[in-house]
Every structure is written in C-alpha cells, then in structure tokens.
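Peer 1: pasted the sequence and its predicted model underneath.
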Amino acid sequence: MNAFTIHSTSIDGLKYITRKHHGDSRGSFSRLFCAAELTEIGWTKPVAQINHSYSKHRGTIRGLHYQIPPYAEDKLVTCIKGAIWDVAVDLRPASTTYLQWFGIELSEENHQSLYIPKGFAHGFQTLSNEVEMIYCHSAPYSPKHECGLRIDDPKLAIQWPLEISQLSERDQNLPVISPSFNGVSL
Ligand SMILES: Cc1cn([C@H]2C[C@H](O)[C@@H](COP(=O)(O)OP(=O)(O)O[C@H]3O[C@H](C)C(=O)[C@H](O)[C@H]3O)O2)c(=O)[nH]c1=O
C-alpha cells in the first residue's frame, strides 16, 4: 500500500508528493521517506543526512542553495510545522527548463513534500511564524561544494509571496547569475 502519491510538475524530474496521513483519536502518523517508493522517481542512494531547520518569523527566506558534484544531491523537503512557499530552480544546462523555477506551498496541513533532484537550487519563504522543516539528503553536506544564487536574481524572477523579513548575511551576499554561469553539469 503506497504511502505516497507522486505528482509531476512543469519541470521534468521535479516531483511533489502527497503523503498518506493516518489520523485517529490519538493524533496522526505519516511516513516521511520511503526508499521503495522514491526509487521509481530517481532516489537511488541511501539517505546520507536528515536535517531540521526552524524559522521563527513569517517572511523568512532561506536559499537559494545547491551542491555541485561529487556532492550534488537529491533532496526531499518537508514542512512539519507551519507553512512555506518552496522553490526549486532548474540548473541543468541541457534542460529545456534551464533557469526556470517551480514553486509550491508545503505545510503541516497539506502533507506535501517536494522531491528535488540533483542539479536544482532550493530555497523557501515561510508563510507562517514557527516553521519547522525536515530535509532528507542523498549526499553529505560539503561546504566546499555548496553554492548559491541570489533569491532576487532578475534572470530567475522568482515570485516570493511575502515581504522578506529575514535573510541571512550569507544569502544576501550570494552571486547573481553571471554571463559565464553554466549551471550544474552532473
Ligand atoms: C546545510 C547544512 C548546514 N550546516 C551548517 C552550516 C551553518 O553553520 C549552519 C546553517 O547553515 P545555513 O545557513 O546554510 O542553513 P540554511 O540557510 O537553512 O540552508 C538550508 O536551507 C536551504 C533552503 C537548503 O536547501 C539547504 O538544505 C540548506 O542549505 O548549519 C550543517 O552543518 N549541515 C548542513 O547540511
């Protein structure tokens, strides 16, 4: 019995998942990761890391981050508390949707997760206070292989839903896409 319903998006390879939610008088249960069900959409390695982030304020943006080979990674992004606007940007140079972005609301209420394959940048904006996120990664964190792009890069023209309330200094200083930028070759 599948725990996930897998949905395609406007970008090839980028999928979102609706997780089966088992509610009862005690509360609820749902599966956050399933190797058997995710293999069919491209997650072929064991989970290398599971990360948790907490954001206090509505309007906070984190991102756009990605790792380059040999630490390029698949990510499964889940909002377990509050709600976010989650964005993935296609950085695969041969893709017909190169530099296009896809956005989706993930929340504790809608039980949706975003599967982000290698070759995508990721970022999100919180739509509520007190947001908690769980990330499953197929590769370990490697600061030397972590890159980023500006959340307000005019070449991407990402539509963030709210005024920005918090953005780390690091994210403020990420580069915009230069003429020599060639995306992520996997
Ligand atoms: C990603 C990561 C970070 N860190 C350390 C590095 C910093 O000292 C501290 C905070 O890192 P950062 O400011 O990069 O955290 P976020 O801005 O939330 O970044 C995350 O959010 C965006 C939206 C993502 O997609 C990534 O999963 C991740 O980059 O945790 C670790 O120790 N391990 C890790 O795997």
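Peer 2: Arrived safely, thanks for sending. Numbering: from 1, shown residues only.
Peer 1: contacting residues around residue 14?
Peer 2: Residue 14 is in contact with 88, 90, 102, 114-117, 120, counting by CB atoms under 8 Å, 6 or more residues apart in numbering. (Each C-beta comes from the backbone N, C-alpha and C, glycine too.)
Peer 1: from these, which ones fall inside helices?
Peer 2: Nothing among the contacts of residue 14 maps onto helices, per DSSP state H.
Peer 1: next step: these restricted to strands.
Peer 2: Judged by DSSP state E, those include 88, 90, 102, 114-116, 120 as members of strands.
Peer 1: from those residues, which is closest to residue 73?
Peer 2: residue 116 (8.7 Å; CB to CB).
Peer 1: so what's the closest residue to the closest one other than its chain neighbours bridging to?
Peer 2: Sequence neighbours aside, residue 75 is the residue nearest to residue 116 in space, at 4.4 Å (criterion: CB to CB, 6 or more residues apart in numbering). Beta-bridge partners for residue 75, by DSSP bridges, are residue 116, residue 137.
Peer 1: could you confirm residue 144 falls within a strand?
Peer 2: No: Residue 144: not assigned to a strand; according to DSSP: H, G, I helix; E, B strand; the rest coil it is helix.
Peer 1: so how many other residues sit close to it?
Peer 2: 7 (other CB atoms under 10 Å).
Peer 1: can you count the residues close to the one residue in the chain that gets nearest to the ligand?
Peer 2: At 3.2 Å from the ligand, residue 141 is the closest residue in the chain, using CB to the nearest ligand atom. Residue 141 has 13 neighbouring residues, counting by other CB under 10 Å.
Peer 1: show the pLDDT at the closest residue to it other than its chain neighbours.
Peer 2: Closest residue to residue 141 apart from its sequence neighbours, by CB to CB, 6+ apart: residue 49 at 6.2 Å. Note on residue 49: pLDDT of 98.
Peer 1: ok, back up a step: quick one: which helix or strand includes the residue of the chain closest to the ligand?
Peer 2: Using DSSP states H and E, residue 141 sits in no helix or strand.
Peer 1: over to residue 38?
Peer 2: Judged by DSSP H and E, residue 38 forms part of helix 35-39.
Peer 1: other SSEs contacting that helix?
Peer 2: strand 4-8 (3 or more CB pairs under 8 Å, 6 or more residues apart in numbering; DSSP states H and E).
Peer 1: good, wrapping up.
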